[in-house]
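Student: Quick check, what structure comes out for this input:
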Amino acid sequence: MRDLFRLIDTHTHITGHQFDHDRAHVLQRAHEAGVARIIEIGYDLPTSYAAVAVAEAHPHIFAVVGLQPNHIHETDEGWLEEVRTLANHPKVVAIGEIGLDYHWMKVAPEVQETVFRTQIDLARQLGLPVVIHSREAHADTLRILNDAARGVPGVMHSFSGDWAFAQACLEIDFMLSLSGPLTFSKAHELHEVVRRAPATMLLTETDSPYLTPHPHRGKRNEPAYVRFVAEQMAQLRGVTLEEMAEQVWANAERVFGFG
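Tutor: Numbers count the residues shown, from 1 in each chain. All right, here's what the predicted structure looks like:
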């Protein structure tokens with residue numbers, strides 16, 4: 001008998017080439033695992049267009065569109081108006097993934113910041129939340145969000161910080177989205193965050209095909225594996241998987257404004 005609760009994967013990249021040979025089977029496995037909603041994320045113009053296309057093709061998939069600032073050097077002028085046009089699609093629920101990436105550093109920090117702020121402003125204009133990518137850039141990410149994103153709903157994608165960083169995100173009403181690393185036995189800081197954060201501020205994601213959870217670590221990730229994240233979250237909080245899934249579903253509906 002199938003479980004009577006719904007899981008949600010709030011951050012995937014299933015339009016990527018890693019799924020070209022078996023995308024339909026991946027979506028079927030997600031359905032069989034109880035994943036009733038998926039949010040496909042853009043990080044540049046091609047992936048944003050692809051996100052909208054896959055959302056159009058599947059009623060349970062929604063799209064997030066935007067330009068991760070570390071990709072601005074690959075993008076033609078006029079990109080902002082293209083993002084704006086895409087964001088008006090009825091299946092688009094947020095602007096993202098946007099933010100800062102100091103690990104790869106393809107673009108200077110000051111340029112990343114300008115592109116980041118521009119899209120926060122776009123989200124404000126359109127009344128949409130933002131999905132934030134922050135890699136080795138937590139201090140600057142928080143500085144910009146505190147300055148530019150007050151009152152804009154948001155999600156810290158694949159949250160990777162400690163409790164102090166979590167508190168700072170929560171203070172500006174940004175949700176914490178947990179991915180595969182939450183399932184790792186040595187992820188003590190993430191475990192503490194999940195135990196201490198308000199249940200109303202937690203989300204689940206896979207970031208497929210990346211950040212695969214235990215027990216599939218080292219293999220390609222896929223939306224069906226969000227169940228492992230939800231199970232770990234439930235265990236850490238001392239509730240049932242059904243209770244945790246219900247709470248996360250409500251959280252996602254609140255921040256993304258699903259119709």
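
Student: Pull up the pairing partners for the longest strand along the chain, direction included.
Tutor: Scanning the chain for the strand with the most residues, using DSSP state E, yields strand 92-101. The strands beside strand 92-101 in its sheet (DSSP bridges) come out as strand 61-65 (parallel), strand 130-135 (parallel).

Student: Out of the ones you listed, which is closest to Ser185?
Tutor: Nearest of the strands paired with strand 92-101 to Ser185, taken as Cβ to Cβ: strand 130-135 at 22.9 Å. Backbone N, C-alpha and C define where each C-beta goes, glycine included.

Student: got the contact list for the helix or strand following the closest one?
Tutor: Downstream of strand 130-135, the next assigned helix or strand under DSSP states H and E is helix 138-148. The set of residues external to helix 138-148 that reach it, using Cβ atoms under 8 Å, 6 or more residues apart in numbering, is 99-100, 102, 109, 113, 116-117, 120-121, 132, 134, 154, 161, 165, 168-169, 172, 174.

Student: Quick check on these: which are buried?
Tutor: Among these, those buried by neighbour count (16 or more other Cβ atoms under 10 Å) are 99-100, 102, 113, 116-117, 120, 132, 134, 154, 161, 165, 168-169, 174.

Student: can you name the two of those that are farthest apart?
Tutor: Spanning the widest gap among the buried ones among the contacts of helix 138-148 are Arg117 and Gly161, at 21.2 Å by Cβ to Cβ.

Student: Now do His157 against His11, distance only.
Tutor: Per Cβ to Cβ, to the nearest Å, His157 is found 5 Å from His11.

Student: Common neighbours of these two, please.
Tutor: Shared contacts of His157 and His11 (Cβ under 8 Å, 6+ apart): 41, 97, 131, 177, 205, 207.
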